[in-house]
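Visitor: Turn this into a model:
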Amino acid sequence: MKLRSIRIYIVIAALLTAGVGIGVTQASASGATTYFACLKAGKLTQVGTSAPTCAAGTTQISWSSQGTPGANVFTSGGAPYGSCNTGDSDIDLNTDEVYICQGGVWTDTGSNIRGATGVTGATGATGATGSQGANGTNVSTTSGIPSGACVTGDSDIDLGSNEVWSCESGVWTDTGSNIKGANGANGTNGTSLVTSPSAPTGTCSSGNTDLALSNDELWACSGGTWTDSGSNVKGATGATGATGATGATGATGATGATGATGPVNTTQWVWSPTIANGSDMEEIPGVTFLPKGTTLTLVSASLTGNFSDCGGGLGGYGLYLYFGNSEFASWDSGVIVTNLAPGTVDSPLTATSSSDLSLDINCPAGNYSGVSFTATFDETSPPSSYS
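Guide: Numbers count the residues shown, from 1 in each chain. Model prediction:
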């Protein structure tokens, strides 16, 4: 079909779209037959020799000497698709591209009915000032339900509830609409970074990270198990910096307080007195008249002997060590004991006067025999200033 015929159909289609009715009539030549039809959207219906009654939206046309029916020209809102009759044409209204049907398939012809952009026309005269438009409506906000007089058509948003109110006949009315949407779904839990004194243990959530403070190693949780990532937050040791300049000599500090006089002549010695067989409340003399200010510290003690007649059981006998009039240590037992641990030890003791060291054995129910006692002491002599 020639492009001229295509343009005729385009003009007809454009006029129909705009709601303009047209009539097409062609004079009949002598002996020719006049045909009639209804035209709509580029298609002919009710074709015949009698004028048909065309439906609304269609146009009646007529012509002389009907020839072979021509091809159709269609329009579409995009590239045409679907089956078609060979020879038909389609104009894509989005791009003005012309398609043709060949062998029942739409094919782009490469032609376009849109010409080049024309030159800009001269600026038209300024139009007359239009009349003032009607007052528009207002949208206001309140911290609660709106009240008081209002202008019909106005709207109000209650900021307390996000409800929209409309003024109808001077009265505020709840529209039932709300500008606050539904709560969104909870987001996916994020990952955490924790620290531990050393390599982490126990269950964990995948994606979490742990920093072992003992070696600065990073651990990653994968599949619920901690795995060493091989990364470390501690960088390499930097190079040693240049030696700084020597600082100025500081001021002389204040003289400190005089310290206490230290101990003099600490010695250790062993006391093992001779103990004869005996009975209750026997006193075994020991070291006599240690100087005033002497300090004794009991290091260890041991006791052997037969105390079976002393009553037996806990408390069957008692062993008491005195330094002057002060009880230095005491033991209670009902059996032979070695390497005694002091039961009550007031140690060290310092003599407040010249004092002796003595040992008392308490055997309330009988006699004891074969007793041997050994004690080791640390002795610190009194300082020369002691008086």
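Visitor: Which strand in the chain has the most residues?
Guide: Counting residues, the longest strand in the chain under DSSP state E turns out to be strand 367-381.
Visitor: before we move on, which element is the closest residue to Ser372 other than its chain neighbours in?
Guide: Distances taken as Cβ to Cβ, 6 or more residues apart in numbering place Thr304 nearest to Ser372, at 4.8 Å, with adjacent residues excluded. C-betas here are computed from N, CA, C, even on glycine. Using DSSP states H and E, the element containing Thr304 is strand 295-306.
Visitor: Could you export that strand as CSV, CA atoms only?
Guide: In CSV, the C-alpha atoms belonging to strand 295-306 read as follows (Å, rounded to 0.1, in the frame of the first residue of the first chain):
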residue,chain,number,x,y,z
THR,A,295,62.2,-11.9,121.0
LEU,A,296,61.7,-15.6,120.5
THR,A,297,59.8,-17.1,117.5
LEU,A,298,58.9,-20.8,117.6
VAL,A,299,60.0,-22.5,114.3
SER,A,300,59.1,-26.2,115.1
ALA,A,301,58.6,-28.6,117.9
SER,A,302,58.4,-32.4,118.4
LEU,A,303,57.4,-34.7,121.3
THR,A,304,57.8,-38.4,121.9
GLY,A,305,57.1,-40.5,125.1
ASN,A,306,54.7,-42.7,126.9
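Visitor: what lines up beside that strand in the sheet?
Guide: Paired with strand 295-306 in the same sheet, following DSSP bridges, are strand 349-350 (antiparallel), strand 367-381 (antiparallel).
Visitor: Val73 is nearest to which of these?
Guide: For the strands paired with strand 295-306, the distance to Val73 is smallest for strand 367-381, at 128.0 Å, taking Cβ to Cβ.
Visitor: thought Thr294 was touching Leu357?
Guide: No - using Cβ atoms under 8 Å, Thr294 is not in contact with Leu357; the gap is 10.1 Å.
Visitor: What segments of the stretch 151-300 of the chain are strands?
Guide: 155-158, 163-168, 171-178, 193-196, 209-212, 217-222, 225-232, 264-271, 278-279, 282-285, 295-306 (DSSP state E, counting those that start in this stretch).
Visitor: Out of those, point me to the one whose mean pLDDT is lowest.
Guide: Of all these, strand 282-285 carries the lowest average pLDDT, namely a mean of 56.
Visitor: what bits of the stretch 1-150 of the chain have low per-residue confidence?
Guide: 1-31, 65-70 (pLDDT under 70).
Visitor: middle-most residue in the chain, spatially?
Guide: With distances taken as Cα atoms, centre = their mean, the residue of the chain nearest its centroid is Gly190 (4.5 Å).
Visitor: pLDDT at it, what is it?
Guide: 75.
Visitor: Quick one: residues contacting Ala260.
Guide: Listed by Cβ atoms under 8 Å, 6 or more residues apart in numbering, Ala260 has no contact partners.
Visitor: circling back to that earlier point, pretty sure the residue nearest to Ser372 is touching Tyr368, no?
Guide: No - contact criterion Cβ under 8 Å: Thr304 and Tyr368 do not qualify, at 11.0 Å.
Visitor: Which one of these two is surrounded by more residues?
Guide: Set Thr304 next to Tyr368 and count neighbours by other Cβ atoms under 10 Å: Tyr368 wins out with 22 against 13.
Visitor: Report the beta-bridge partners for the more buried one.
Guide: In beta-bridge terms (that is, DSSP bridges), Tyr368 pairs with Gly278.
Visitor: Let me know the angle separating the longest strand of the chain from strand 264-271.
Guide: Angle of strand 367-381 versus strand 264-271, following axes from the mean of the first three to the mean of the last three Cα atoms, to 10 degrees, is 170 degrees.
Visitor: what separates strand 367-381 from the chain centre, distance-wise?
Guide: 72 Å (Cα atoms, centre = their mean, to the nearest Å).
Visitor: Let me see the mean pLDDT of that strand.
Guide: Strand 367-381 comes out at a mean pLDDT of 76.
Visitor: can you pull the buried residues of it?
Guide: Tyr368, Val371, Phe373, Thr374, Ala375, Phe377, Glu379, Thr380, Ser381 (16 or more other Cβ atoms under 10 Å).
Visitor: ditto for stretch 196-208
Guide: Residues Pro200, Cys204, Asn208 are the ones in stretch 196-208 that count as buried (16+ other Cβ under 10 Å).
Visitor: Switch those residues over to TSV; also include distance to Gly104.
Guide: Below are the buried residues of stretch 196-208 laid out as TSV (distance: Cβ to Cβ, whole Å):
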residue	distance to Gly104
Pro200	72
Cys204	66
Asn208	64
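Visitor: can you count the residues close to the closest residue to Pro200 other than its chain neighbours?
Guide: With sequence-adjacent residues excluded and distances taken as Cβ to Cβ, 6+ apart, Pro200 is closest to Asp210, at 4.2 Å. Per other Cβ under 10 Å, the neighbour tally for Asp210 reads 21.
Visitor: I'd guessed Asp210 sits against Pro197; true?
Guide: No - between Asp210 and Pro197 there is no contact under Cβ under 8 Å: 10.8 Å.
Visitor: Figure out the helix or strand that the residue lying closest to Gly82 once chain neighbours are set aside lives in.
Guide: Spatially, and ignoring its direct neighbours in sequence, Gly82 is nearest to Trp106 (8.0 Å; Cβ to Cβ, 6+ apart). Element membership for Trp106 (DSSP H and E) is strand 105-112.
Visitor: what lines up beside that strand in the sheet?
Guide: In the sheet, strand 105-112 lines up with strand 97-102 (antiparallel) (DSSP bridges).
Visitor: Need the distance between the two termini of stretch 93-101.
Guide: Terminal residues of stretch 93-101 lie 17 Å apart, using Cα to Cα, to the nearest Å.
Visitor: in it, what's buried?
Guide: With burial defined by 16+ other Cβ under 10 Å, the residues of stretch 93-101 counted as buried are Glu97, Val98, Tyr99, Ile100, Cys101.
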